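> Generate a structure from the sequence data that follows.
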Amino acid sequence: MIKHRPYLLSIAGFDPSGGAGILADIKTFEQTGTYGIAATTCISYQNDHNIAGLHWISKEKILQQLNPLLSAYKIEYVKIGWIQNLKILNEIVDFLLAYNKDICIVWDPILETNEGVVLHKKINKKYLQNILTSIHWVTPNWEEVTQLTGEKDAIKGAEILSKYCNVYLKGGHHIEVPATDIILINKKMDILHPTEISELEKHGAGCVLSAALASYLALGMAQYKACNMAKEYTYRFITSNNSNIGYHAIV
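The predicted structure is shown next:
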């Protein structure tokens, strides 16, 4: 008997190299057991090492993509990635909540790409707070959490964000304790230690982790277990080969 997979929506950018954005999300959803659908927020001109440019999709066209998807499929979980600015993100979140007030949203706040392209130059605190109070999870890395909050101490910054929603602070950019993640669930802090530390880096690893977290949540896992499973999946992705592009292992 074929088991039904829960639908999981990715709202993110199109990376033609397949390493990040909606292609990486869909690969992650497929391998972790959910059925992925997607709406594109931008088209990037890139490979896994360099970005030549970005073409942003208007808010109206993003919503136009979402309308037929939300009318056809039961969507209870959403992962959001590349967004042009917080105002557009806020309007998309409001649109999703109007569709389903209990929808679970995981936001990966990509402020700058690994290739150095800055996506959000100025953080509007009003929009940020409104977004965080309307979603379930935010998954910044060590640098992004300081930009979002203005705090030099990333853990203090994560604690500030946790006043509004759950936080998964990705530790891949932490020099002192690499690959050690901090999670705050209902403001309670836990540390996710790596089983093993890899010196390898992968294009799109942050996208993969947040997509895996959303997928495991959609499968009904408790939040702490979903975080651990997402970390483990991302580790397998990072260590899958020696190139800059990771392979998605069947789990």
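
> rest of the way, CA atoms for contacts and neighbours
OK.

> where in the chain is pLDDT low?
Where the chain drops to pLDDT under 70, the residues are 1-2, 113-119, 121, 172-177, 196-199, 250-251.

> can you tell me which strand in it is longest?
Identified as the longest strand of the chain according to DSSP state E is strand 35-46.

> Now that strand: buried residues?
Going by neighbour count (16 or more other CA atoms under 10 Å), the buried part of strand 35-46 is 35-44, 46.

> How far does it sit from its chain's centre?
13 Å (CA atoms, centre = their mean, to the nearest Å).

> Tell me where the protein has strands.
For the chain, strands defined by DSSP E occupy the ranges 7-14, 35-46, 51-56, 77-80, 104-107, 137-138, 166-169, 181-185, 188-192.

> Please render these as JSON lines that adds distance to His203 to the earlier fields.
Output for the strands of the chain, formatted as JSON lines (distance: least, CA to CA, whole Å):
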{"stretch": "strand 7-14", "distance to His203": "14"}
{"stretch": "strand 35-46", "distance to His203": "12"}
{"stretch": "strand 51-56", "distance to His203": "12"}
{"stretch": "strand 77-80", "distance to His203": "18"}
{"stretch": "strand 104-107", "distance to His203": "18"}
{"stretch": "strand 137-138", "distance to His203": "20"}
{"stretch": "strand 166-169", "distance to His203": "18"}
{"stretch": "strand 181-185", "distance to His203": "18"}
{"stretch": "strand 188-192", "distance to His203": "22"}
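
> hmm, back to that, could you dump the buried residues of strand 35-46 into a markdown table and include distance to Lys74?
Formatted as a markdown table, the buried residues of strand 35-46 follow (distance: CA to CA, whole Å):
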| residue | distance to Lys74 |
| --- | --- |
| Tyr35 | 11 |
| Gly36 | 12 |
| Ile37 | 11 |
| Ala38 | 14 |
| Ala39 | 15 |
| Thr40 | 19 |
| Thr41 | 21 |
| Cys42 | 24 |
| Ile43 | 26 |
| Ser44 | 29 |
| Gln46 | 33 |
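
> What is the nearest of these to Lys59?
Thr41 (8.0 Å; CA to CA).

> Report how many residues lie close to the nearest residue to Tyr35 once chain neighbours are set aside.
Counting by CA to CA, 6 or more residues apart in numbering, Tyr35 lies nearest to Tyr7, which is 4.8 Å off, once chain neighbours are set aside. The tally of other residues near Tyr7 (other CA atoms under 10 Å) stands at 20.

> Quick check, Tyr7 in contact with Lys79.
No. Between Tyr7 and Lys79 there is no contact, the gap being 11.5 Å when judged by CA atoms under 8 Å.

> okay, now the residue nearest to Leu184 when sequence neighbours are not counted: neighbour count?
Of all residues not flanking Leu184 in the chain, Val167 sits nearest, at 5.1 Å (CA to CA, 6+ apart). Using other CA under 10 Å, Val167 is surrounded by 29 other residues.

> Val167 contacts Asp181, doesn't it?
No. Val167 lies out of contact with Asp181 (CA under 8 Å); the separation is 10.3 Å.

> Run through the bridge partners of the residue nearest to Leu184.
Val138, Leu184 (DSSP bridges).
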